[in-house]
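Participant: Provided below for reference: sequence and predicted model.
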Amino acid sequence: MVYAVVRAGGRQEKVEVGTIITLDRAKADDKGNIDLAPVLLVDGDKITSAASELAKVTVTAEVLEDLRGPKVIIQKFKNKTGYKKRQGFRAELTRVKITSIA
């Protein structure tokens, strides 16, 4: 079993070939692929975590779609002063499928 832990959008995700993950919006190349930076690689009993060894490893993902996350409502209120503030936020996300770990 081969899997990798990759740095994706400020977080770390455990991925295998065929895994579909959602990350922060990422720009794809001309072919619609993204290269993710590996932090750890597990190939059977062999575990690779040295930076010099991980520089040779490439984790490639195919962009499936760009989407937006659920709406988050931020409300602030102070009693007796008439202060009310309402603000909304939706994260820009990208859904990708891992195609190769080499």
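Facilitator: Right, received. Where do you want to start?
Participant: every contact and neighbour count from this point should use C-alpha atoms.
Facilitator: Fine.
Participant: grab the nearest non-local neighbour of K76.
Facilitator: Nearest residue to K76, sequence neighbours excluded (CA to CA, 6 or more residues apart in numbering): K85, at 5.1 Å.
Participant: burial measure for the one you found, as a count.
Facilitator: Counted with other CA atoms under 10 Å, residues neighbouring K85 total 10.
Participant: is it in contact with I73, as I believe?
Facilitator: No: assessed by CA atoms under 8 Å, K85 is found out of contact with I73, at 10.5 Å.
Participant: in the chain, where is pLDDT below threshold?
Facilitator: Along the chain, no part satisfies pLDDT under 70.
Participant: tell me where this protein has helices.
Facilitator: 51-54 (DSSP state H).
Participant: now do the residue of the chain most remote from its centre against R86, distance only.
Facilitator: Note on the chain: the largest C-alpha distance from the chain mean falls to K80, namely 43.2 Å (CA atoms, centre = their mean). As judged by CA to CA, to the nearest Å, K80 and R86 stand 17 Å apart.
Participant: which parts of stretch 1-9 are buried?
Facilitator: Going by neighbour count (16 or more other CA atoms under 10 Å), the buried part of stretch 1-9 is Y3, A4, V5, V6, R7, A8.
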